[in-house]
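> got a structure for you, letters missing:
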């Protein structure tokens, strides 16, 4: 008499389980998965988007160019 499941039966069940997962996929889910990549942009573009004036120098301390001179 066989006690429990043998290694062969466990392996066959595992293969059957994963085969079922590979075959059954939803077309809509696949469509949602394939999204366009994010567009890359530079730090300057991000700062412009946030409303930061990037024409000022680093040492300006918030002052305009005319104020520093």
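Noted; the coordinates are in hand. Treat the numbers as computed from the prediction; the structure is a model and nothing was measured.

> Against which helices or strands is the longest helix anywhere in the chain packed?
Taking DSSP state H as the assignment, the helix of the chain that covers the most residues is helix 7-23. On a contact count with 3 or more Cβ pairs under 8 Å, 6 or more residues apart in numbering; DSSP states H and E, helix 7-23 meets no helix or strand. C-beta here means a position set from N, CA and C on the backbone, and glycine is covered the same way.

> Distance check, residue 36 against residue 28.
17 Å (Cβ to Cβ, to the nearest Å).

> Who has more neighbours out of the two?
residue 28 (8 against 5; other Cβ atoms under 10 Å).

> low pLDDT regions in this structure?
1, 57-69 (pLDDT under 70).

> which residues of it fall in helices?
Remark: helices assigned in the chain by DSSP H are 7-23, 27-33, 43-50, 65-68.

> quick one: contacts of the longest helix of the chain?
residue 5 (Cβ atoms under 8 Å, 6 or more residues apart in numbering).

> Out of the helices of the chain, which is closest to residue 56?
Using Cβ to Cβ as the measure, helix 65-68 is the one of the helices of the chain that comes nearest residue 56, at 7.2 Å.

> hang on, the earlier thing: output the helices of the chain in a markdown table, with distance to residue 56 appended to each entry.
Output for those, formatted as a markdown table (distance: least, Cβ to Cβ, whole Å):
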| stretch | distance to residue 56 |
| --- | --- |
| helix 7-23 | 57 |
| helix 27-33 | 43 |
| helix 43-50 | 11 |
| helix 65-68 | 7 |
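
> distance of residue 20 from residue 45?
47 Å.

> okay, those two: which has more neighbours?
Between residue 20 and residue 45, residue 45 has the larger neighbour count (other Cβ under 10 Å), namely 12 against 9.

> Next one: that one from residue 54, what distance?
The value you get for residue 45 to residue 54, if Cβ to Cβ is used, is 10 Å.

> Please apply the same query to residue 11.
For residue 11, the distance to residue 54 - Cβ to Cβ - is 62 Å.

> Could you find the closest non-adjacent residue to residue 48?
residue 54 (6.7 Å; Cβ to Cβ, 6 or more residues apart in numbering).
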